[in-house]
Every structure is written in structure tokens, then in C-alpha cells.
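1. below is the sequence, then the predicted model.
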Amino acid sequence: MSLVLFSIGNPGPSNRHSTGHLMLKILLDNYSSTVKQLVPKSTYSITSNADNSLIFIKSNTYMNESAKAWNKVIATEKLPPDSIVIILYDDFENDIPSVKLSTFKKNESHNGIKNLMTVMQKETRLQCLKLGIGIGPKPVQASKATMSSWVLSPFTLEQKQIIMTQSFELCLFYLQQVAEVEGEIGDVGKFDAKVKKMWKRE
């Protein structure tokens, strides 16, 4: 089985909305002894380890055009048919340093996930899941304009440090558990709850 990590976010300065890209970079640094640097290919950048069991892909499009990057990946790259695709993204519904593994839902509120869902739900060869990295707490009773401004704002130094340590360690633990699964993950909600319980015992 291959694990495909696909990060989404906006190009440009780092902010809350590019947390997926930040986490991909931290994970890449962690695997630097076996994985080379990302190779830019127009709408996305890609690299992998020697046996293709771990593939890193970074979308180079704007968040709400994430599907364009994924379509290019599928058209260009030969991803192993038994791959599990994990989308790394900023989860504004959950607080730092929480992490949550889930499937697509009918009413996605995240523009990047909403855009990706239109193409990823058509995938028959791959299992596509979301790994949301908590960036909250979000502003209380915020308007659409306030939320838009907030997700595009940078983390404080303290928040970024927590993302780079606690959130990263939890993401890595999740990926290790997913990698140990043989075949498709069944009930993703139960799997997520199981991983959280295991993490608390660590």
C-alpha cells in the first residue's frame, strides 16, 4: 500500500490557510533521509521515497482551485492503485493542536475541500481521506468577511511552534497508524477515535 500526502493551500506568504503546506514541509523534513525535495510540475510539486510507499504532493494552485492540481496529478502521475490519499488542510472547526481524520461530508464549509470533493469522490481506485490540522479557536460569531480575514492571517510565534511540535507529532502518529492498515480503512470515524485513544496513552 502507498500513502499519498496531498497538501492544499494558497501560494504566497504562510498563514493559517496554508497550514496543510506547512505540515507537508515538516513531514518532509522528518523523512529527509529517505525522501528527496519536492520537484515542481506546474500546478503541483511531487516527491517520494525509493519504493513509492510514501508520496508527497503539494498543490500549487489557489485553495479554491485545488481540484485543478489533483486532476493534473491523476493525468500525469502513475499512483499505485492501492493508495490511500490523505489531504492535509487547515481545519478551522477544531483548535490547535488537534488533528482529525475523516471522510468527505455533504455540506463541506472549507472551500478547498469542497472543490476537491467534486473530483475525488469519483475516484474508484483510491481511498481519499481528509486529515484536518486544527487552527482554532476561530473568532466567535464571526461574519464571512471576518472568517476570511482570520484564515488569511499569520499564526503567532507561540501558535506556530505548537503546530510544528505537538500538531506534527500527532499527524505523524496518525500516518503511522494508517500505514499499518492492510487494505482500506473501514469506519473512518471509529478509526479516528481509536487513534486518539492510543495517542492519549502514549
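-> Great, that's in hand.
2. how close does the closest residue to residue 59 other than its chain neighbours get to residue 101?
-> Nearest non-adjacent residue to residue 59, counting by Cβ to Cβ, 6 or more residues apart in numbering: residue 69, 3.8 Å away. For the C-beta atoms, the positions are set from N, CA and C on the backbone; glycine is no exception. As judged by Cβ to Cβ, to the nearest Å, residue 69 and residue 101 stand 21 Å apart.
3. quick one, which of those two is more surrounded?
-> Shown here are residue 69 and residue 101; by other Cβ atoms under 10 Å, residue 69 has more neighbours (25 against 22).
4. elements contacting whichever strand or helix holds the more buried one?
-> Using DSSP states H and E, residue 69 sits within helix 66-76. If you count contacts as 3 or more Cβ pairs under 8 Å, 6 or more residues apart in numbering; DSSP states H and E, helix 66-76 packs onto strand 44-48, strand 54-59, helix 111-120.
5. show me which residues of that helix are buried.
-> 66, 67, 68, 69, 70, 72, 73, 74 (16 or more other Cβ atoms under 10 Å).
6. any chance of those residues in a markdown table, with pLDDT too?
-> Formatted as a markdown table, those follow (pLDDT from 0 to 100):
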| residue | pLDDT |
| --- | --- |
| 66 | 98 |
| 67 | 98 |
| 68 | 97 |
| 69 | 98 |
| 70 | 98 |
| 72 | 97 |
| 73 | 97 |
| 74 | 95 |
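7. taking the residues you listed together, which two end up most distant?
-> Greatest spatial distance in these: 66 and 74, 12.8 Å, computed using Cβ to Cβ.
8. can you tell me how far the residue nearest to residue 59 sits from residue 1?
-> 23 Å.
9. related to what we said a few turns ago, turn the buried residues of helix 66-76 into CSV, columns for distance to residue 54.
-> Output for these, formatted as CSV (distance: Cβ to Cβ, whole Å):
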residue, distance to residue 54
66, 21
67, 23
68, 24
69, 19
70, 18
72, 20
73, 15
74, 18
